[in-house]
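**Q** next input, structure requested:
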Amino acid sequence: MLKGNEQIVPNNFTMVLMFAHHSLRRDRMDYRPQKLASKYKLSANTLRNYEAKGLIPPAARSANGYRIYTQQHEAYLACIQAMTPAFGMEVTSEVLHRIGRNELDDALWVVRDREVMLHREKASLDQLVEELRAYAEGSRVYDANQRFSIHEVSIRSGAPKSAIRYWEKSGLFTTERDPDNEYRLFNETHLFKIKMIQVLQSAVYSEETVNLKRSIACLDLQNIEDTRELVERIKTYLDKTIRLQMKGLYFLYRLIQELNLSDTTEEYT
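**A** Residues are numbered from 1 along each chain as shown. Next comes the predicted model:
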């Protein structure tokens, strides 16, 4: 029960439901492969590959054997192109495969999981902003001589030891070695870098995310201004991602309506 001025804050998908219903097209149209491919700046081979991988339904055939695509196929393509930049092809494929098996609820939970993950990453970045502010204001002092074991870093960051080793192997940072036992020794810059890498852990692979990780690799925590600039770039990326997720959800909803898989819109009409 709501009290006082409390309000229900809808998640991304609920918000999409409110706006998308009234913009759905009702006209029906068939497409030849080249025409549909050109509309979405794809090749006819890509359409066939999507069909072979189960990302779009099998096309019907004309009397002379040509593939005939429908408005349903167009809805699938629009959904793929909108969801992939926001959620990645792996997640997009899983969602569409589940929809193809009529597992709508499971598909929506896959998407919801990614939304929650993005929210957690934004919360982690906000915490890093506070840490950086503490360094800048002097309430937290950078200790260049302090060292941590991989176990301590894992506990402080929440990152698995295997992931920390992998990130070092990938060149995102380089640790010292204890001369007595050859164990890795981490400092505060390493710890801050690992926390930043975690913020981008579920990011969709792109030139932008590659450049952000390269910047993390070059980061010097003692250079507060450069670190602030990098944190702001990561925030900009997360802000863009949530907008892309909203767009992806809009086109996912249109696909669901095109397939008549949900009567949810009745709640908003």
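**Q** give the rounded mean pLDDT of stretch 215-227.
**A** If you average the pLDDT over stretch 215-227, you get 92.
**Q** which residue is nearest the middle of the chain?
**A** The chain has Phe87 as the residue nearest its centroid, 4.1 Å off, counting by Cα atoms, centre = their mean.
**Q** from Tyr69, how far off is that residue?
**A** 24 Å (Cβ to Cβ, to the nearest Å). All C-beta spots, glycine's among them, are computed from the backbone N, C-alpha and C.
**Q** low-confidence regions, this structure specifically.
**A** 1-28, 262-269 (pLDDT under 70).
**Q** okay, strands next: where are they in it?
**A** According to DSSP state E, the chain carries its strands in the segments 60-61, 67-68, 176-177, 184-185.
**Q** can you tell me the distance between the two ends of stretch 163-180?
**A** 24 Å (Cα to Cα, to the nearest Å).
**Q** starting at the chain centroid, how far to that stretch?
**A** Computed by Cα atoms, centre = their mean, to the nearest Å, the chain-centroid distance of stretch 163-180 equals 26 Å.
**Q** what sits up against it?
**A** 147, 150, 153-154, 157, 183-187, 189-190, 193-194, 197, 213, 216-217 (Cβ atoms under 8 Å, 6 or more residues apart in numbering).
**Q** got the buried residues for that stretch?
**A** For stretch 163-180, a neighbour-count test (16 or more other Cβ atoms under 10 Å) marks 164, 167-168, 172-173, 175 as buried.
**Q** how about those residues in a markdown table, adding distance to Gln201?
**A** Below are the buried residues of stretch 163-180 laid out as a markdown table (distance: Cβ to Cβ, whole Å):
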| residue | distance to Gln201 |
| --- | --- |
| Ile164 | 12 |
| Trp167 | 10 |
| Glu168 | 15 |
| Leu172 | 12 |
| Phe173 | 15 |
| Thr175 | 19 |
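**Q** return the subset of those lying in helices.
**A** 164, 167-168 (DSSP state H).
**Q** what residues are up against Leu36?
**A** 47, 69, 73-74, 77.
**Q** now with 10 Å, please.
**A** Contact analysis of Leu36 by Cβ atoms under 10 Å, 6 or more residues apart in numbering lists 29-30, 42, 44, 47, 56, 59, 67-70, 73-74, 77.
**Q** now the strands of the chain as a markdown table including distance to Gln81?
**A** Shown next, in a markdown table, are the strands of the chain (distance: least, Cβ to Cβ, whole Å):
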| stretch | distance to Gln81 |
| --- | --- |
| strand 60-61 | 23 |
| strand 67-68 | 19 |
| strand 176-177 | 46 |
| strand 184-185 | 43 |
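**Q** need the winner for burial among these.
**A** Most buried of the strands of the chain by mean neighbour count (mean count of other Cβ atoms under 10 Å) is strand 184-185; its value is a mean of 18.
**Q** which residues touch that strand?
**A** Contacts of strand 184-185 (Cβ under 10 Å, 6+ apart): 146-151, 153, 161, 164-165, 168, 174-179, 190.
**Q** who does that strand pair up with?
**A** Strands adjacent to strand 184-185 in the sheet, as given by DSSP bridges, are strand 176-177 (antiparallel).
**Q** so who does Leu42 touch?
**A** Taking Cβ under 10 Å, 6+ apart, we find Leu42 in contact with 33, 36, 49-50, 77, 80-81.
**Q** among those, which ones are buried?
**A** Judged by 16+ other Cβ under 10 Å, buried ones among those: 33, 36, 50, 77, 80-81.
**Q** where do the helices sit along this structure?
**A** 12-20, 33-39, 44-52, 71-100, 104-137, 150-157, 161-169, 188-199, 207-217, 224-258.
**Q** among the ones you listed, which is nearest Ala63?
**A** Nearest to Ala63, of all the helices of the chain, is helix 33-39, at 15.8 Å by Cβ to Cβ.
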